[in-house]
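J.: Sequence first, then the predicted structure, then my questions.
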Amino acid sequence: MMSISDSIRALARDGLSTADIARQLGIRYQHAYNVLKRNGEGKSDSMKGAPAAEIARKNQLTVEELKTRGFVLAARWVLSEQGDLVLDRPISKDVGVYALAKGNIILYVGVATMGLAKRLYFYGKPGASQRTSQRLNKTIKEELRTAASIDVYTASPPDFEWNGLPVHGSAGLELGLIKRYELPWNMRSSG
C-alpha cells in the first residue's frame, strides 16, 4: 500500500495540480504542497508535468521591501522572565496589516481588522479555540530561543471603492503579500 506522500508524488507525476491532489486524496493543500516542495524544491522529477505555476518558487519578502512601501517597526516580540510572549512596547489600536520578521526576512503577514493591538494580544495569550494564535505563539517562542526578538512591522492602508463597492485596503494588502511572496509561517502562502 502506498503512503500518502507516495500518492501525492505519483499524482503530481500524472500532471495533477497541488489543489487537485489535495481534493482527490482528501488532505489539506498545505500537506500536498509541503511533500512536493520537500521533494527537490518543486523541481524534481516527481513534479514533471505539473503546471508551471505549481513549481515556480516565490521570492522571500524582506524588511527593506516593506519599509520602502510604508511599513514601520511597531514593536518586538520578546520572552518575559516567566517565558511568556510579550511585546516590548504598546502597539497601535488601528486596523492594519502586520508582518513578523526575523532579521531581514518576513516570516508571516496578517490582517488586524479588529485592531493591531487586539490581534497581536491574542498571539501572546491565545484562547483555547484560536488555532492560528496558538500555532504562532508556539512558533514565535521557538524562534526566540535563538533570536533576540521577532520584529513586528505594521501599515494601515486606506480603504477605497471599486465601482461603488467598498474595498478593505488592509485585507487586500495582506492577501496580495501572501499570494506574491514566500512566507514560511503563513499556511496560505503556498496557495
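T.: Structure received. As the structure is a computational prediction, the values presented were derived from the model and not from experiment.
J.: Could I get the contacting residues of the spatially most central residue of the chain?
T.: When Cα atoms, centre = their mean is applied to the chain, the residue found nearest the centroid is Asn186 (1.8 Å). With contact set as Cβ atoms under 8 Å, 6 or more residues apart in numbering, Asn186 has these partners: 108-110, 178. Placement of C-beta: from N, CA and C, glycine included.
J.: From the residues you listed, which land in helices?
T.: Ile178 (DSSP state H).
J.: Please produce CSV containing the contacts of Asn186, extended by neighbour count.
T.: CSV is the format used below for the contacts of Asn186 (neighbours: other Cβ atoms under 10 Å):
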residue, neighbour count
Tyr108, 25
Val109, 26
Gly110, 22
Ile178, 22
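J.: just the contacts of Asn186: which has the poorest pLDDT?
T.: On pLDDT alone, Ile178 ranks lowest of these, at 93.
J.: what element comes up after the lowest-mean-pLDDT helix or strand in the chain heading to the C-terminus?
T.: Across the helices and strands of the chain, mean confidence by mean pLDDT, DSSP states H and E is lowest for helix 52-55: a mean of 44. Downstream of helix 52-55, the next assigned helix or strand under DSSP states H and E is strand 59-60.
J.: Counting by contacts, list what the helix or strand encompassing Tyr121 packs against.
T.: Assigned by DSSP H and E, Tyr121 belongs to helix 116-124. Packing partners of helix 116-124 (3 or more Cβ pairs under 8 Å, 6 or more residues apart in numbering; DSSP states H and E): strand 72-79, strand 85-87, strand 96-102, strand 105-112, helix 131-143.
J.: The ones you listed: which one's closest to Asn34?
T.: Taking Cβ to Cβ, helix 131-143 is the member of these nearest to Asn34, at 14.8 Å.
J.: quick one: His31 from Asp20, how far?
T.: From His31 across to Asp20, the span is 14 Å (Cβ to Cβ, to the nearest Å).
J.: Likewise for Glu182?
T.: With distances taken as Cβ to Cβ, Glu182 is found 22 Å from Asp20.
J.: what's the answer for Lys138, then?
T.: According to Cβ to Cβ, Lys138 and Asp20 sit 31 Å apart.
J.: Next: Tyr108.
T.: Per Cβ to Cβ, Tyr108 is found 27 Å from Asp20.
J.: cool, Gly103 as well?
T.: Separation of Gly103 from Asp20 (Cβ to Cβ) stands at 36 Å.
J.: quick one: which of these two has more around it?
T.: Asp20 (16 against 11; other Cβ atoms under 10 Å).
J.: who touches the residue nearest to that one when sequence neighbours are not counted in this structure?
T.: Nearest residue to Asp20, sequence neighbours excluded (Cβ to Cβ, 6 or more residues apart in numbering): Leu11, at 7.6 Å. Leu11 sits next to 20-21, 24-25 when contact means Cβ under 8 Å, 6+ apart.
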